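Q: need coordinates for the below:
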Amino acid sequence: MSSPSPGRRADAVPISEAADALGTSPRSLRYREALGLLPTTKEQPTGRGHRHRRFSSDDLRTIAAGLELERGFDITPAALAFALRMLAEPETLARVRAYGERLGRLAPPRARAMDFEKRKALRLLQAKGRTAEPRGPEPR
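A: Numbering: from 1, shown residues only. You can find the predicted model right below:
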């Protein structure tokens, strides 16, 4: 009995078996891989391309979780990939948020509104301090 070669685990299955186990097609898995929705492989490249990639049981659970997100939110794999990109890239998130605010679908973050109110209150207090007489004893 031979042991698995380096980089291959005994429980790993080829893409066709992985697709069957997940209720999808190998083509669908390759599409998701191109979008960055499959776990990165720790296997050493064999030079035979992605068709020879093998999937561990952990990989299959991770892929199943992504498929469940797509079904649960009724979104495409591309939409899920973009959502992950937004979470990973703060600049992308900021640009999409600004667009949502311009559309009126997103309210400005509360922190900015609170900062505005705080600055306004400080200006009013400073203006009042310049014109009002000090009351009571001086603070120590």
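
Q: for Arg102, give me its contacts.
A: Going by Cβ atoms under 8 Å, 6 or more residues apart in numbering, Arg102 touches no other residue. C-beta coordinates here come from the backbone N, C-alpha and C atoms, glycine included.

Q: distance check, it against Gly72.
A: 29 Å (Cβ to Cβ, to the nearest Å).

Q: and if you look at Phe82?
A: In terms of Cβ to Cβ, Phe82 sits 17 Å off from Gly72.

Q: which one's more surrounded, these two?
A: Between Phe82 and Gly72, counting by other Cβ atoms under 10 Å, Phe82 is the more crowded of the two (15 against 8).

Q: not counting its neighbours along the chain, what's nearest Ser16?
A: Closest residue to Ser16 apart from its sequence neighbours, by Cβ to Cβ, 6 or more residues apart in numbering: Pro26 at 5.4 Å.

Q: wait, the one you found sits on Asp20?
A: No - assessed by Cβ atoms under 8 Å, Pro26 is found out of contact with Asp20, at 9.0 Å.

Q: neighbour-wise, which of those two wins?
A: Pro26 (16 against 12).

Q: residue contacts, the more buried one?
A: Contacts of Pro26 by Cβ under 8 Å, 6+ apart are 15-16, 18-19, 51.

Q: hmm, 6 Å instead?
A: Residues near Pro26 by Cβ atoms under 6 Å, 6 or more residues apart in numbering: 15-16, 19.

Q: quick one: those as JSON lines, columns for distance to Arg123 too.
A: JSON lines is the format used below for the contacts of Pro26 (distance: Cβ to Cβ, whole Å):
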{"residue": "Ile15", "distance to Arg123": "64"}
{"residue": "Ser16", "distance to Arg123": "68"}
{"residue": "Ala19", "distance to Arg123": "63"}
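
Q: what about the helices in the chain?
A: Ranges of helices in the chain, per DSSP state H, are 15-22, 26-34, 57-73, 77-88, 90-103, 110-131.

Q: perfect, I'm done here.
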